[in-house]
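S.K.: fold the following.
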Amino acid sequence: MTWQRVLASNALALGMVIYGGCLSASAENLTGYCLDTGSAGCQDRFIPFDGKSIDFCEETCGLNNPTSVRGLNATLYDFVCKSDNPSTEEGRVMILRQKNSSGKTTISLVTEGETQPIVKCP
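M.R.: Have a look, this model is predicted:
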């Protein structure tokens, strides 16, 4: 199963959001944060990050080559996934930091298709 299918099957379509605001604007270490898929699928609802990588059902994906985004509090990454099968897939994602109307900072990892919440791991 490719990382696109894993995310789509969890209604993610490659998106993530990170709660917090305490993470650096460049090379994030996301240890302690989990992707909240909304429901369990081939794995638990909350998928933990390990530094700058995350393990999906059949592959591990990493955030590589951070580039600051001009005019936004955001970082663009190559999202490179290595499958249990002998294949590699790549895409682009952006971690965007925003404050909502109540002053709470959210951090969103955005793809072409969607944005999905990431929370401190339960």
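S.K.: helices along the chain, start to end?
M.R.: 3-9 (DSSP state H).
S.K.: low-scoring stretches of it, by residue?
M.R.: 1-27 (pLDDT under 70).
S.K.: quick one, strands of it?
M.R.: For the chain, the strands defined by DSSP state E cover 16-19, 33-36, 46-50, 53-55, 59-68, 74-83, 88-99, 105-110, 115-116, 118-120.
S.K.: now render those strands as JSON lines, adding mean neighbour count.
M.R.: C-betas here are computed from N, CA, C, even on glycine. As requested, the strands of the chain are arranged in JSON lines below (neighbours: other CB atoms under 10 Å):
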{"stretch": "strand 16-19", "mean neighbour count": "23"}
{"stretch": "strand 33-36", "mean neighbour count": "23"}
{"stretch": "strand 46-50", "mean neighbour count": "18"}
{"stretch": "strand 53-55", "mean neighbour count": "18"}
{"stretch": "strand 59-68", "mean neighbour count": "16"}
{"stretch": "strand 74-83", "mean neighbour count": "19"}
{"stretch": "strand 88-99", "mean neighbour count": "16"}
{"stretch": "strand 105-110", "mean neighbour count": "20"}
{"stretch": "strand 115-116", "mean neighbour count": "20"}
{"stretch": "strand 118-120", "mean neighbour count": "17"}
